[in-house]
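Trainee: show me how the following folds:
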Amino acid sequence: MDQFTHPLAYARWQHGLTGPELAAEVRSAAARRGLRSGADKQRVRKWERGAVPEADTQYDIAEALGMPATAVDPANWPNWLLAGDAGIVPLGPSSTVPALREALTSTMDRRAFLSASGTALTGLAAAWAGSGAVALPSVKGDTNVGGELVTLLEDSTRRLSSIATEQRQHLTALLDGHLATVTDLIQHGRYDKQTGQRLHHLATSLAQTAAWHRFDRGQHTAATKHWVAALHSAHTTGDRDMGAAMLGDLAYQAAWCKDHPTAVGILTHAITRTDHPAARSLLHLRLARALAAQGDERETRRALTTAERLLAASTTRALPAWCCWYGEADLAVDTGQALLDLGDTARAHQLIAEGRALLPPERDKTNGVFLAYQAKSHLELKEPEIAARTAGEALRLARRIGAPRCEALVQDLVPAFRQVPSAEGVEEFLALAAG
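Mentor: Numbers count the residues shown, from 1 in each chain. Alright, predicted model coming up:
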């Protein structure tokens, strides 16, 4: 796909149309509206070389490509051509800015479901896995982008990304503002290749952080679009591990939303182009979780073995920044959760407890998630009293630090606790959960 130099050429290729065929479809679309179009092979070639069609013609082009009229934004030609399934912008030439803009327009989304289809997300992962190298050019826009400004944005982005969980609810607007500023600089700035690399790295980091904030608050559509935007930015810089990280996050979200086949599909592609052993380990661990949820014991255990081996092999290399938190605690707990899904309850409980003991104290949100897993394992072991205490601890922690996703995990256990109302501590836990 990187062979195409204009989004219209890419969109035409996607629909299997030659230049003359697209021109014929445009003329037909105009005729259906009672208009005449002068579209021909030469006109299509001019559009693909930078000429801007008139607004009415853009609507005809959209109809010719099977796109709804609502997708057309004449002031944003040709970027609107790249909007795909549920706003998932496909990888292609000049696709980074449209993907970032798509993420920025999703900031008010409050839907608590995953609107992008599994086909679109798996197809995006496949396109990433099969794409070639990207040459990041120098850009000669209207505004000069100096190194001092980029350094300021880098420093503030690092600080925003490191704020404790309980304070993050106050940072969303700041993150959005930073991402909008960086997007404007990428699109309209004048900078050399090195500065372009830095700006795209910034966009990746900001979009990923914003995605997690929204995911934690159940805003799945917006989270998806931010991760997709981060994938585009990482792809532009040629950072394979970071690109795989974004796909790994999208797979984690799909699994969270119970779409395990999509999670498996995304991860299968992501693993193929990941370099660092720890990064590969994390992806295999997430693959194991998705496979276990589908009851595939053989492939789950194979993925778990691979994840353990790769993490051990990564000890001599610095971890990529995006997975610097990953370690033995995560491996133990997620392995335990996979085994819990497979029915190996006793071993699962042991691993989850071991993982919690290894977890650094500053990872409060992760500790809350692990506590919820531990409570579930106690329920599986027919130990409702211990489960109630553990679930109560997870719930209070989640509420203290403002972690709705963690609280949702605990609330999912409420129906199981209602089956054992007389067990010690269960009545108190149910009252806490209802409060």
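
Trainee: so where do the strands sit in the chain?
Mentor: Taking DSSP state E as the test, the strands found in the chain are 139-140, 143-144, 189-191.

Trainee: winner for burial among those?
Mentor: Each of these was scored by mean neighbour count; the highest is strand 189-191, a mean of 19, by mean count of other Cβ atoms under 10 Å. For every residue, glycine as well, the C-beta is placed using N, CA and C.

Trainee: sheet partners, orientation included, of it?
Mentor: Based on DSSP bridges, the pairing partners of strand 189-191 within the sheet are strand 139-140 (antiparallel), strand 143-144 (parallel).

Trainee: give me the contacts around the first one.
Mentor: By Cβ atoms under 8 Å, 6 or more residues apart in numbering, the list of residues contacting strand 139-140 from outside reads 186, 189-191, 196.

Trainee: now it: mean pLDDT?
Mentor: Within the predicted structure, the mean pLDDT of strand 139-140 is 72.

Trainee: same thing with stretch 59-69?
Mentor: Model confidence over stretch 59-69, given as mean pLDDT, is 87.

Trainee: quick one: buried residues of stretch 251-262?
Mentor: Across stretch 251-262, burial judged by 16 or more other Cβ atoms under 10 Å covers 251-257, 259-260, 262.

Trainee: OK, contacts around residue 284?
Mentor: Residues near residue 284 by Cβ under 8 Å, 6+ apart: 271, 303-304, 306-307, 310.

Trainee: ok so, going back, from the buried residues of stretch 251-262, which is closest to residue 435?
Mentor: Checking the buried residues of stretch 251-262 against residue 435 by Cβ to Cβ gives residue 256 as the nearest, at 24.6 Å.

Trainee: separation between that closest one and residue 43?
Mentor: 47 Å (Cβ to Cβ, to the nearest Å).

Trainee: and if you look at residue 316?
Mentor: Applying Cβ to Cβ, the value for residue 316 to residue 43 is 59 Å.

Trainee: the more surrounded of those two?
Mentor: Here residue 316 and residue 43 are set side by side on neighbour count (other Cβ atoms under 10 Å), and the busier one is residue 43, at 18 against 6.

Trainee: need the contact list for the residue lying closest to the more buried one once chain neighbours are set aside.
Mentor: With Cβ to Cβ, 6 or more residues apart in numbering as the criterion, residue 43 has its nearest non-adjacent residue at 6.5 Å, and that residue is residue 23. The neighbourhood of residue 23, defined by Cβ under 8 Å, 6+ apart, consists of 39-41, 43-44.

Trainee: now residue 402: phi and psi?
Mentor: With angles defined as degrees, to the nearest 10, residue 402 sits at phi 70, psi 60.

Trainee: quick one: residue 9 from residue 22, how far?
Mentor: Taking Cβ to Cβ as the measure, residue 9 and residue 22 are separated by 10 Å.

Trainee: actually, residue 141.
Mentor: Look at residue 141 and residue 22: by Cβ to Cβ, they are 30 Å apart.

Trainee: what about those two, which has more around it?
Mentor: Taking other Cβ under 10 Å, residue 141 and residue 22 do not tie; residue 22 has more neighbours (24 against 14).

Trainee: my guess is residue 416 contacts residue 379, does it?
Mentor: Yes: when contacts are counted by Cβ atoms under 8 Å, residue 416 is listed as touching residue 379 (5.2 Å).

Trainee: the more surrounded of the two?
Mentor: The residue with more neighbours, out of residue 416 and residue 379, is residue 379; 21 against 16, by other Cβ under 10 Å.

Trainee: what's the neighbour count on the closest residue to the more buried one other than its chain neighbours?
Mentor: Nearest-residue entry for residue 379: residue 387, 4.6 Å, with adjacent residues in sequence omitted and distances by Cβ to Cβ, 6+ apart. When counting by other Cβ under 10 Å, one arrives at 26 neighbours for residue 387.

Trainee: next, the buried residues of stretch 48-58.
Mentor: 48, 53, 57-58.

Trainee: again, but for stretch 316-334
Mentor: In terms of neighbour count (16+ other Cβ under 10 Å), stretch 316-334 has its buried residues at 319-320, 322-323, 326-327, 329-334.

Trainee: contact partners of it?
Mentor: Counting contacts by Cβ under 8 Å, 6+ apart, the residues outside stretch 316-334 that touch it are 208, 241-242, 245, 276-279, 281-282, 285-286, 288-289, 307-308, 311, 351-352, 354-356, 358-360, 363, 366, 370, 373.

Trainee: residues contacting the residue nearest to residue 394 when sequence neighbours are not counted?
Mentor: Nearest-residue entry for residue 394: residue 371, 3.5 Å, with adjacent residues in sequence omitted and distances by Cβ to Cβ, 6+ apart. Contacts for residue 371 were tallied using Cβ under 8 Å, 6+ apart; they are 356, 390-391, 393-394, 397.

Trainee: highest neighbour count among those?
Mentor: Counting neighbours by other Cβ under 10 Å, the top entry in the contacts of residue 371 is residue 391, with 31 neighbours.

Trainee: so where do the helices sit in the stretch 201-350 of the chain?
Mentor: Counting by DSSP state H, counting those that start in this stretch, residue ranges of the helices within the stretch 201-350 of the chain are 220-237, 240-256, 260-271, 277-293, 297-313, 328-342, 345-358.

Trainee: pick the most buried one from these.
Mentor: For the helices of the stretch 201-350 of the chain, ranked by mean neighbour count under the definition mean count of other Cβ under 10 Å, the leader is helix 220-237 at a mean of 27.

Trainee: now for it, which elements pack on it?
Mentor: Under the contact definition 3 or more Cβ pairs under 8 Å, 6 or more residues apart in numbering; DSSP states H and E, helix 220-237 sits against helix 96-104, helix 118-130, helix 193-216, helix 240-256.

Trainee: will you turn those into JSON lines that also has distance to residue 420 and mean pLDDT?
Mentor: Conversion of the helices and strands packed on helix 220-237 to JSON lines gives the following (distance: least, Cβ to Cβ, whole Å; pLDDT from 0 to 100):
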{"stretch": "helix 96-104", "distance to residue 420": "44", "mean pLDDT": "88"}
{"stretch": "helix 118-130", "distance to residue 420": "36", "mean pLDDT": "88"}
{"stretch": "helix 193-216", "distance to residue 420": "30", "mean pLDDT": "93"}
{"stretch": "helix 240-256", "distance to residue 420": "26", "mean pLDDT": "94"}
